[in-house]
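Student: generate coordinates for the sequence data below:
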Amino acid sequence: MRQAITTTRGAPLSARSRLGRRLIQLYSGLVLYGASSALLVEAGLGLEPWNVLHQGLAELTGLTIGAVSIVVGAAVLLLWIPLRQRPGLGTVSNVFVVGLAMDGTLALVPDAHSLTVRVPLLLGGVLLNGVATGLYIAARLGPGPRDGLMTGLHRRTGRSIRLIRTALEVAVVATGFALGGTVGVGTVLYAVSIGPLAQLFLRVFDVPSASGGSTVVAEGQPLGAILRP
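Tutor: Numbers count the residues shown, from 1 in each chain. The predicted structure is shown next:
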């Protein structure tokens with residue numbers, strides 16, 4: 001019988017191909033996530049919860065919103081230590097890639113003033129964010145630092161995911177809004193649509209495991225924990 005082709009380290013080529021696809025999905029998803037967040041900033045009609053905080057802190061400190069996102073992401077990651085959370089490649093990459101992609105997109109996209117431009121930017125940003133979420137979560141290389149904080153608190157406190165997520169996001173939105181972050185119709189639209197969109201694109205971008213099963217739910221955080229409500 002003909003033997004399966006292997007890599008120089010003895011691993012099946014199919015396994016290496018799956019890893020390659022997962023890495024491509026991870027970094028494509030993180031770049032698109034940052035770009036989609038930048039479109040929501042340009043639309044000026046309301047941001048997703050954590051970026052309300054990032055924008056408020058950017059107004060306060062004079063840093064770019066992408067730089068603030070990186071600083072906040074790193075700070076949140078430090079909170080994983082007492083929660084005994086273990087970061088993955090995707091977790092660490094999330095901290096840096098999303099913020100850099102956000103600032104890069106903001107530098108390239110011209111300012112929008114008319115509603116005829118801002119509304120399509122908002123709709124496109126939410127849709128692209130759903131695509132990005134599906135891409136990077138389906139890669140299964142580690143949750144984002146904010147999602148890991150939520151699931152870590154869930155395990156340590158025994159409180160429901162919904163309660164923990166709601167408490168965190170209400171807190172960051174309220175703080176960000178007080179600091180000058182943008183809350184509006186876009187914030188509401190994001191909250192009600194990102195869950196269904198992410199669920200759809202998780203199925204689209206799912207990477208089959210070696211046994212033919214789904215890698216999206218094979219291990220790591222439960223789907224309900226990482227999807228927006």
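Student: where do the helices sit along this structure?
Tutor: 13-43, 49-61, 65-78, 80-83, 89-108, 115-138, 145-157, 161-179, 185-205, 223-226 (DSSP state H).
Student: gap between the fourth one and the chain center?
Tutor: This means helix 80-83. 20 Å (Cα atoms, centre = their mean, to the nearest Å).
Student: the first one too?
Tutor: For helix 13-43, the distance between its averaged C-alpha position and the chain's averaged C-alpha position is 10 Å (Cα atoms, centre = their mean).
Student: quickly note the distance from the nearest residue to residue 148 once chain neighbours are set aside to residue 97.
Tutor: Take residue 148 and drop its neighbours on the chain: the residue closest to it by Cβ to Cβ, 6 or more residues apart in numbering is residue 85, 5.0 Å away. Glycine gets a C-beta too; all of them are placed from N, C-alpha and C. Distance, residue 85 to residue 97, using Cβ to Cβ, to the nearest Å: 19 Å.
Student: same deal with residue 184?
Tutor: Distance from residue 184 to residue 97, by Cβ to Cβ: 27 Å.
Student: what about the two, which has more around it?
Tutor: residue 97 (20 against 14; other Cβ atoms under 10 Å).
Student: quick check, the more buried one in contact with residue 30.
Tutor: Yes - between residue 97 and residue 30 there is a contact at 4.0 Å, judged by Cβ atoms under 8 Å.
Student: and residue 23, how close does it get to residue 124?
Tutor: In terms of Cβ to Cβ, residue 23 sits 26 Å off from residue 124.
Student: for residue 187, that is, sorry about that
Tutor: 16 Å.
Student: the residue nearest to residue 148: how many residues sit nearby?
Tutor: Residue 85, neighbours per other Cβ under 10 Å, totals 21.
Student: pLDDT score for it?
Tutor: For residue 85, the pLDDT comes out at 87.
Student: same question for residue 29.
Tutor: 96.
Student: now swap in the one 4 residues further on and tell me
Tutor: At residue 33, the pLDDT value in this model is 97.
Student: grab the nearest non-local neighbour of it.
Tutor: residue 132 is the one closest to residue 33 (Cβ to Cβ, 6+ apart), at 3.8 Å.
Student: ok, now which ones touch the one you found?
Tutor: Contacts here follow Cβ atoms under 8 Å, 6 or more residues apart in numbering; on that basis residue 132 touches 28-33, 35-36.
Student: tell me which two of the residues you listed sit farthest apart.
Tutor: 28 and 36 (12.1 Å; Cβ to Cβ).
Student: in stretch 168-185, what counts as buried?
Tutor: Using 16 or more other Cβ atoms under 10 Å as the burial criterion, the residues of stretch 168-185 that qualify are 168-169, 172-174, 176-177, 179, 181-183.
Student: distance to residue 40 and pLDDT added to those, as TSV?
Tutor: TSV is the format used below for the buried residues of stretch 168-185 (distance: Cβ to Cβ, whole Å; pLDDT from 0 to 100):
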residue	distance to residue 40	pLDDT
168	19	92
169	15	92
172	15	95
173	14	95
174	19	96
176	13	96
177	15	96
179	17	95
181	12	96
182	9	94
183	12	96
